[in-house]
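1. no sequence on hand, only this structure:
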């Protein structure tokens, strides 16, 4: 009997105390593995949610920037736009 598995079955506890100890080892192994996994998955989920919100906010800001630039440049004449483009190079 190990903490995470019961083995191949070639050796089994015979006495009541041995069976009790084997049962406790099996149950404690499951609990020992399950607790950290739940913490890890909860943390991963929170980080993934924060990343998705950050990405959505970044896309929203980019869309606002594009719209404001389009509004800015649509009010310029072609000559003013060319002058602006040449000045920014």
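-> Nice, I can see it. Quantities reported herein were computed from a predicted structural model and do not represent experimental measurements.

2. in stretch 58-74, what counts as buried?
-> Residues of stretch 58-74 include none that count as buried (16 or more other Cβ atoms under 10 Å). C-beta here means a position set from N, CA and C on the backbone, and glycine is covered the same way.

3. tell me the mean pLDDT for that stretch?
-> Stretch 58-74 comes out with an average pLDDT of 83.

4. per-residue pLDDT of the residue positioned nearest the centre of the chain, please?
-> By Cα atoms, centre = their mean, the chain has its centre lying nearest to residue 48, at 3.2 Å. At residue 48, the pLDDT value in this model is 97.

5. do you know how far residue 8 is from residue 46?
-> Distance, residue 8 to residue 46, using Cβ to Cβ, to the nearest Å: 40 Å.

6. tell me which of these two has more neighbours.
-> The neighbour comparison of residue 8 against residue 46 (other Cβ atoms under 10 Å) goes to residue 46, with 10 against 6.

7. can you tell me the helix or strand for that one?
-> Counting by DSSP states H and E, the element that carries residue 46 is helix 16-74.

8. per-residue pLDDT of residue 86, please?
-> 83.

9. same deal with the one 3 residues further on?
-> If you check residue 89, the pLDDT there is 67.

10. could you do residue 1 as well?
-> 52.

11. residue 40 too?
-> Model confidence at residue 40 (pLDDT) stands at 94.

12. from residue 27, how far off is it?
-> For residue 40, the distance to residue 27 - Cβ to Cβ - is 21 Å.

13. what sits up against stretch 67-81?
-> Residues outside stretch 67-81 that contact it (Cβ atoms under 8 Å, 6 or more residues apart in numbering): residue 84.

14. run the chain-centre distance for that stretch.
-> Its chain's C-alpha centre and that of stretch 67-81 lie 41 Å apart, by Cα atoms, centre = their mean, to the nearest Å.

15. stretch 69-88 now?
-> 42 Å.

16. then stretch 41-51?
-> 4 Å.

17. contact partners of it?
-> Outside stretch 41-51, no residue touches it (Cβ under 8 Å, 6+ apart).

18. element containing the residue with the largest distance to the centre of the chain?
-> Distance from the C-alpha centroid of the chain peaks at residue 79, with 49.5 Å (Cα atoms, centre = their mean). Element membership for residue 79 (DSSP H and E) is helix 78-87.
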